[in-house]
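Asks: Here's a sequence, model it:
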Amino acid sequence: MEREEIIESSQADLIIRVPSETIKDRLKKFLGLPKSLHGDYLDNEQCIWPSNILLCATVFLEDAINYQSITHKITRKYLLIYRWFSSPFIRKLHQIILLINLSLALVESPSSFSITSDIRYHPNRIVFPYYGLLIIEGFTLFWFLLYICTKVQCLGIKHIRKRFWILIFIISVVYSLCEWFALFIIFNRTYQGFRLRRILRPIFLIESSQLMKKAFKAVHKQSLTIIACISLALIHILFFAVMAMFLFPRSDIRPDTQNKTYFDNLHDSIFQLLVLYSTANNPDVMMPAYSDRRLNSLFFIVFVIIGIYCLQNIITAVVYRAFRGYFLNSIINSLLRRRIAIRASFEILKKRVLSNGSIETKDTVPISVIQTVLESVSMNKWHFDLINQNLNEFRHADETISLDQYSRIMQLLDLNPNLMPEIPIQSLNETLLDRLKTVGRSKAFDLIGTIFAILSVLLVTIEISNHRLNTNYRDIIMYIVPLAFVNLSLMIYFVLEIIVKAWAYGPSKFFRSSTIHILEATVAFSCLILQIIYMMIHGTPVISLVHVDSKEKERSVFTLWAGIKTFNMLFIYRLIRFLPASKNIRIIVGTVIDEVRNGGAFFGVLFSCYYAYSILGMELFGGAVDELYKRSNLSNQTVCGSYQQLGYWSNGFDDFYSSMVTLYHIMIVNQWFVFVNGFRDATNSKWSELYFIFWYLFVTNIGLNICLALSGDIHDAKKKRADQQEELLVSNMYDIYRSNITEPSSEEIIQRLNQHPYINFHEYTSDMIIHT
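Replies: Residues are numbered from 1 along each chain as shown. All right, here's what the predicted structure looks like:
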């Protein structure tokens, strides 16, 4: 009886202690702003936890939630600044400003906003206000300056000297502001020279991502080995280039000999073999020699075997080793930061101020104090409820909690809500409505919908094919009318299917259980709504005469009819449901999905390289294609297989978008030598080749090998999860590698805590925080 009274009293205290959520708190929660802090906490024993202590513990717990380091200043002023600085609102705002800053390249002169980039059609570019763009850029640069100054103040100037990316960020911001000010005040529109600040913009993106910085660090660790491998490949090319010059001598009788065509001089010989090293000109480069003598083919075969199958594979192995375990090491380091922050928050709360003003240290902390701190922590509601529930269970047994208990409870932050037990489905009775719900939940009902989806895709395919084969509108109508009405019936069925499933499972259960269900509903309703709008306009679901006329006039018009068919074709995704039937296919599908979902750091690094190199290409080759086109028109002669003859006029560096596309074409490798030759002719300089060669050697080789390494890494982790009968389609990398992660030891955590630049946890006293 006494035990029950204690429990009831404890629960009553808990209810009284939790404050009601005000409109201001709800608004802060919605915007992602830090929650309001409470004042000093006084327990039943008249022990006081000052507000500064609670603030410090709150910040440390928020660091744990966000996997952040706790090596920042701990005075009240800097903790409040740091808390705002790390809030979701500021992080989102920083991401938006980053996006605006990077997007300026699309609208800055020369603008990328035109129908085509083909210079033959003289693209009419939209010209945006010069000073308007400068004002927007100035706003983003001043934000970056405020951002980095705040970060430096919170971390401390003395400790910034060890942070490479922060130093680079500061230098880039200062230089960018100086160049921006010069353009805004001094040069105005007259300056057409080199604009370095545009090339530096990806640095702002890289500094804001821990994983991107780790990706560059992984490349940097193996940079000497990678450079050595590439140097070995270049020596290999040079050796065979010199051999080719005397093995295939020039002939004055035949103009198409191997030497005359490909190995006329050392420059051409090296370049042609470099292209062969990429397999882009095979077998063209060997055909003249092979035509002369059968054994001449051995030269090229040996070159390719040594270069591609030996040296190239060595480069792949080096990059693979550099990134092998990249995700796992990143997760281990992040987990260590979380454990350190959790331990730090507990160590801070262990000390309290007694009624006589003295400081006391205990090995336990009252649960009520921890719950007070949790109320101020910005965290996921699911985790908050789960942690509070466990704290209440502990509170039934004791009012205080030890370090081990606290650590175990805070490990609940590692749990993924998506992998928790599913929402229970309401049990069904024997009524007619419940029997209908059973039909909606059955696999047969789902299978019928999938069969109809395949049928709908086939009907759309036939309809579009018939539209392409027939030019007479009457013939098109004759064949398409039955298909169009059947397809309309299927669209109605898909919408009814979604409604029935949502009713059978319950809307919350159905849509929260899988993202696929949300996609199904979006596609089904969008398709039917667009079809209804189309029928209201044209009075029939059949293709309109306007679309047929646009096809006959070879105009690219994305009409409403085309939009409907695009949505209709999306029903093909339902075939993916059959893929997980096989364990191996499930592993492959999971690898692809998780590489796309969690490969943001890699794609960010690749995008940064694309961005900076595109801007550099615009500075070096802007307007070069125009000059080449003018000279081509004057001479009226083109070489077969050249840039001019192939009509690559849309590819160039006249604007940012076309620059990105040009670099993409070169990365694909096929025909990349055509671009090299074209821009060499446009600039009348062989030095222009270095721009494209460096892109091929470093970005294409290393970038694609990094992708291979990451794919292999995720695939191995997926295979291990599959062997352990664990879920394969998870939403974060921590769940993928959970079985490979070992908890950091207590000694390692204490060692890191004692390295804190502003708190000596070994000799920590509350005075360090209370009076600051």
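Asks: Would you indicate which residues of stretch 704-718 are buried?
Replies: Of all the residues in stretch 704-718, those buried under the rule 16 or more other CB atoms under 10 Å are 705-707, 709-710, 713-718. Using the backbone N, CA and C atoms, a C-beta is placed for each residue, glycine as well.
Asks: now swap in stretch 620-633 and tell me
Replies: Buried residues in stretch 620-633, counted by 16+ other CB under 10 Å: 621-622, 624-625, 628-629, 632.
Asks: Quick one: low-confidence residue ranges for the stretch 451-600 of the chain.
Replies: For the stretch 451-600 of the chain, the stretches with pLDDT under 70 are 466-479, 513-515, 542-558, 575-586, 589-590, 597-599.
Asks: what ranges do the helices span in it?
Replies: Using DSSP state H, counting those that start in this stretch, the helices found in the stretch 451-600 of the chain span residues 473-505, 507-513, 515-538, 545-552, 560-569, 583-598, 600-621.
Asks: Turn those helices into TSV, columns for distance to residue 130.
Replies: Compiled in TSV, the helices of the stretch 451-600 of the chain are given as follows (distance: least, CB to CB, whole Å):
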stretch	distance to residue 130
helix 473-505	49
helix 507-513	48
helix 515-538	40
helix 545-552	37
helix 560-569	36
helix 583-598	38
helix 600-621	17
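Asks: Determine which of these approaches residue 317 most closely.
Replies: Closest approach to residue 317 among the helices of the stretch 451-600 of the chain (CB to CB): helix 600-621, 18.4 Å.
Asks: Report the distance from the closest one to the chain centre.
Replies: In terms of CA atoms, centre = their mean, to the nearest Å, the gap separating the centre of helix 600-621 from the centre of its chain is 15 Å.
Asks: returning to what we had before: which stretch among the helices of the stretch 451-600 of the chain comes nearest residue 285?
Replies: Residue 285 sits nearest to helix 600-621 of all those, at 25.9 Å, using CB to CB.
Asks: which residues touch that closest one?
Replies: 102, 105, 194-195, 198-202, 205-206, 209, 211-212, 214-216, 652-656, 659-660, 662-664, 679, 682-683, 688, 691, 695, 699, 703, 706-707, 710 (CB atoms under 8 Å, 6 or more residues apart in numbering).
Asks: Among those, the buried ones, what's the ChimeraX command?
Replies: To isolate the buried members of these in ChimeraX, using 16+ other CB under 10 Å:
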select :102,105,195,198,199,200,201,202,205,206,209,211,212,214,215,216,652,653,654,655,656,659,660,662,663,679,682,683,688,691,695,699,703,706,707,710
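Asks: Tell me who's in contact with residue 265.
Replies: When contacts are counted by CB under 8 Å, 6+ apart, residue 265 touches residue 245.
Asks: what about it, distance to residue 242?
Replies: In this view, residue 265 and residue 242 are 11 Å apart by CB to CB, to the nearest Å.
Asks: Using CSV, list the CA coordinates for stretch 53-70.
Replies: C-alpha atoms of stretch 53-70 as CSV (Å, rounded to 0.1, in the frame of the first residue of the first chain):
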residue,chain,number,x,y,z
ILE,A,53,24.2,24.4,-15.2
LEU,A,54,20.9,23.4,-16.7
LEU,A,55,21.7,25.4,-19.8
CYS,A,56,25.1,23.7,-20.2
ALA,A,57,23.6,20.3,-19.8
THR,A,58,20.8,21.2,-22.3
VAL,A,59,23.4,22.3,-24.9
PHE,A,60,25.5,19.2,-24.4
LEU,A,61,22.4,17.0,-24.9
GLU,A,62,21.5,18.9,-28.1
ASP,A,63,25.1,18.3,-29.2
ALA,A,64,24.5,14.6,-28.6
ILE,A,65,21.3,14.6,-30.6
ASN,A,66,23.1,16.3,-33.6
TYR,A,67,26.3,14.3,-33.3
GLN,A,68,28.2,17.5,-32.7
SER,A,69,31.4,18.1,-30.8
ILE,A,70,31.2,19.7,-27.3
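Asks: Tell me how far that stretch lies from the chain's centre.
Replies: Distance of stretch 53-70 from its chain centroid, counting by CA atoms, centre = their mean, is 26 Å.
Asks: How about stretch 308-321?
Replies: 26 Å.
Asks: Quick check: mean pLDDT of it?
Replies: Stretch 308-321 shows a mean pLDDT of 82.
Asks: Which parts of that stretch count as buried, going by neighbours?
Replies: So, applying 16+ other CB under 10 Å, buried residues of stretch 308-321: 308, 311-312, 315-316, 318-320.
Asks: ok, of the residues you listed, which one's closest to residue 81?
Replies: Distances from residue 81 to the buried residues of stretch 308-321, taken by CB to CB, are shortest for residue 319, at 40.7 Å.
Asks: and the closest residue to residue 510 other than its chain neighbours, how far is that from residue 432?
Replies: Closest residue to residue 510 apart from its sequence neighbours, by CB to CB, 6 or more residues apart in numbering: residue 502 at 4.7 Å. Distance of residue 502 to residue 432, computed by CB to CB: 19 Å.
Asks: which of those two has more neighbours?
Replies: Shown here are residue 502 and residue 432; by other CB atoms under 10 Å, residue 502 has more neighbours (17 against 7).
Asks: residues contacting that one?
Replies: If you count contacts by CB under 8 Å, 6+ apart, residue 502 has them with 510-511, 521.
Asks: just residue 280 next, same as before
Replies: Residue 280 makes contact with 669-673 under the criterion CB under 8 Å, 6+ apart.
Asks: on that earlier part again, among the buried residues of stretch 620-633, which pair sits farthest apart?
Replies: Taking CB to CB, the two most distant members of the buried residues of stretch 620-633 are 622 and 632; they sit 18.3 Å apart.
Asks: In the contacts of residue 502, which residue is surrounded by the most others?
Replies: When neighbours are counted by other CB under 10 Å, residue 510 leads the contacts of residue 502 with 22 neighbours.
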